[in-house]
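A.B. asks: Below: sequence and its predicted model.
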Amino acid sequence: MRVEWFRPGLKDSQLVHLYDDHEDRNTEQIESYRGRTELIHQELQTGNASLKLLTVQVSDEGRYKCFIQSKSWYDDAIINVKVEVDGRPPVITVDGFDHSGGLRLQCESEANTELKHQSPSKMKFICLTLLIISGITDSRSEQYEVVGAADPVFVVAGEDVILPCSVKPNISVVDMRVEWFRPDLKNSLVHLYEDHEDRNAESYGERTELNHQELQRGDASLKLSSVRVSDEGRYKCFIQSKSWYDDATVDVSVEAVGRPPVITVDGFDDSGGLHLQCESEELDQLNNEDRIIEQEHDQLQKEKSRIQQECDNLRNVMSRIQQENDECNRRIKQVLEQLENEKSRIKPENYQPQNEMRMFC
């Protein structure tokens, strides 16, 4: 994981200590912290990323942030540090007189103190032995916000889509870290932009792209080409500078569109029933090597099962129609046989046919 300790209230470099790729990387560390910070690597194995700060100085007082990031998640914690100085009481001595007749006073104290101000006015002096800096923060994380999409983004499989992500108010993110990832997957990285370079995730190949011109306007939207069914899910856009970071969530819904099922009569069975044939062209998403994407197979099978179910339902309807047809033919045949029997029993001169005969079936 990546472990970063920094001071969010400082205007210039904020890095206190950085651990990344199993190494301590402190080339951009604040100068005053050089050689005074340490992480215990054995404790990292148990989830302890505590920072050891050696030879504490008065200027170390203030707010610290511990930021931890893995491939699938990140979080941070804030720690406030207050520094107390335990030294000897200040010794004030008279060092002579000035031209106006006022006294010159000298203030000394053995401790890590800073002399902030000394007044030359007559019989007035200010001797500060300790300057406490607290409560003054200028965290840009409170000023800027990463904005995504309020509603899910819908796209048809095979088409291209833009996943929106931008910084408000608009500032350039060219010099920042932009990371798109999927928090619900083990191999979550989708696209990474860092140190002015892009790195595509292997699982997405060359299908992801950031517009570098738009980065200058604070737009870090991701273009995803040739969308697949497996691309459906939740995405996070994470933007980080030296002084702040934020993220936004984008939900993507992929629709698979295929041709409607075609049903044709394929003959009759021994009982006189119809044979129906139901066909539908599946939407098979292929990768560059023309292989079926394994992640999409289950989704396509579900679609095929749904179409097959519709065909089965239609086949049942056609079967009932055929059965009713057969029943109607049987009843007509019975009536005709009865008429023939009656006709054979009655003499021709006495036979009078019915004026009307109706049958309902």
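C.D. replies: Arrived safely.

A.B. asks: and Q213, how many neighbours does it have?
C.D. replies: The local packing count at Q213 equals 9, with neighbours defined by other C-beta atoms under 10 Å. For the C-beta atoms, the positions are set from N, CA and C on the backbone; glycine is no exception.

A.B. asks: Phi first, then psi, for it.
C.D. replies: The phi/psi pair for Q213 (degrees, to the nearest 10) reads phi -70, psi -40.

A.B. asks: can you check Q338 too?
C.D. replies: phi -60, psi -40.

A.B. asks: what pLDDT does it get?
C.D. replies: Each residue has a pLDDT score; the one for Q338 is 77.

A.B. asks: just the one 3 residues further on next, same as before
C.D. replies: Reading off the confidence values, N341 has pLDDT 76.

A.B. asks: and it, which of the three is it?
C.D. replies: Assigned state for N341: helix (three-state reduction, DSSP: H, G, I helix; E, B strand; the rest coil).

A.B. asks: okay, now I239: neighbour count?
C.D. replies: Counted with other C-beta under 10 Å, residues neighbouring I239 total 22.

A.B. asks: quick one: it and M176 touch, right?
C.D. replies: Yes: the pair I239 and M176 qualifies as a contact (C-beta atoms under 8 Å) at a distance of 5.7 Å.

A.B. asks: C66 and F6, how far apart?
C.D. replies: If you measure C66 against F6 using C-beta to C-beta, to the nearest Å, the figure is 9 Å.

A.B. asks: These two: which has the busier surroundings?
C.D. replies: Shown here are C66 and F6; by other C-beta under 10 Å, F6 has more neighbours (22 against 18).

A.B. asks: Which pLDDT value belongs to the closest residue to the more buried one other than its chain neighbours?
C.D. replies: Nearest-residue entry for F6: Q14, 4.3 Å, with adjacent residues in sequence omitted and distances by C-beta to C-beta, 6 or more residues apart in numbering. Q14 is assigned a pLDDT of 79 by the prediction.

A.B. asks: these two touch, right, Q14 and E28?
C.D. replies: No: under the criterion of C-beta under 8 Å, Q14 lies out of contact with E28, with a separation of 9.3 Å.

A.B. asks: quick one, which of the two is more surrounded?
C.D. replies: Regarding Q14 and E28, a neighbour count based on other C-beta under 10 Å identifies Q14 as having more, with 22 against 10.

A.B. asks: tell me the contacts of the more buried one?
C.D. replies: If a contact means C-beta atoms under 8 Å, 6 or more residues apart in numbering, then Q14 has 6-8, 30, 242-243 as its contacts.

A.B. asks: How about E194: what's its closest non-neighbour residue?
C.D. replies: Going by C-beta to C-beta, 6+ apart, E194 has R177 as its nearest residue, at 4.8 Å.

A.B. asks: Look up how far Y19 lies from the one you found.
C.D. replies: Applying C-beta to C-beta, the value for R177 to Y19 is 16 Å.

A.B. asks: Which one's more surrounded, those two?
C.D. replies: The residue with the greater number of neighbours, taking R177 and Y19 and applying other C-beta under 10 Å, is Y19; the counts read 20 against 15.

A.B. asks: Spatially nearest residue to V3 (excluding sequence neighbours)?
C.D. replies: Distances taken as C-beta to C-beta, 6+ apart place Y19 nearest to V3, at 4.1 Å, with adjacent residues excluded.

A.B. asks: Confirm that the one you found lies within a helix, as I assumed.
C.D. replies: No: with the criterion set as three-state DSSP, the secondary structure at Y19 is strand rather than a helix.

A.B. asks: What's the separation between it and N48?
C.D. replies: Distance, Y19 to N48, by C-beta to C-beta: 12 Å.

A.B. asks: what are the ranges of the helices in the stretch 1-150 of the chain?
C.D. replies: For the stretch 1-150 of the chain, the helices identified by DSSP state H, counting those that start in this stretch occupy 41-44, in order along the chain.

A.B. asks: Low-confidence stretches in it?
C.D. replies: Applying pLDDT under 70 to the stretch 1-150 of the chain flags residues 11-13, 86-90, 94, 100-101, 103, 109-143.

A.B. asks: ok, now the stretch 151-300 of the chain?
C.D. replies: Low-confidence segments of the stretch 151-300 of the chain, defined by pLDDT under 70, are located at 258-263, 265, 268, 272-274, 278-300.

A.B. asks: which residues of it fall in helices?
C.D. replies: Read by DSSP H, counting those that start in this stretch, the stretch 151-300 of the chain holds these helices, from start to end of the chain: 212-215, 294-345.
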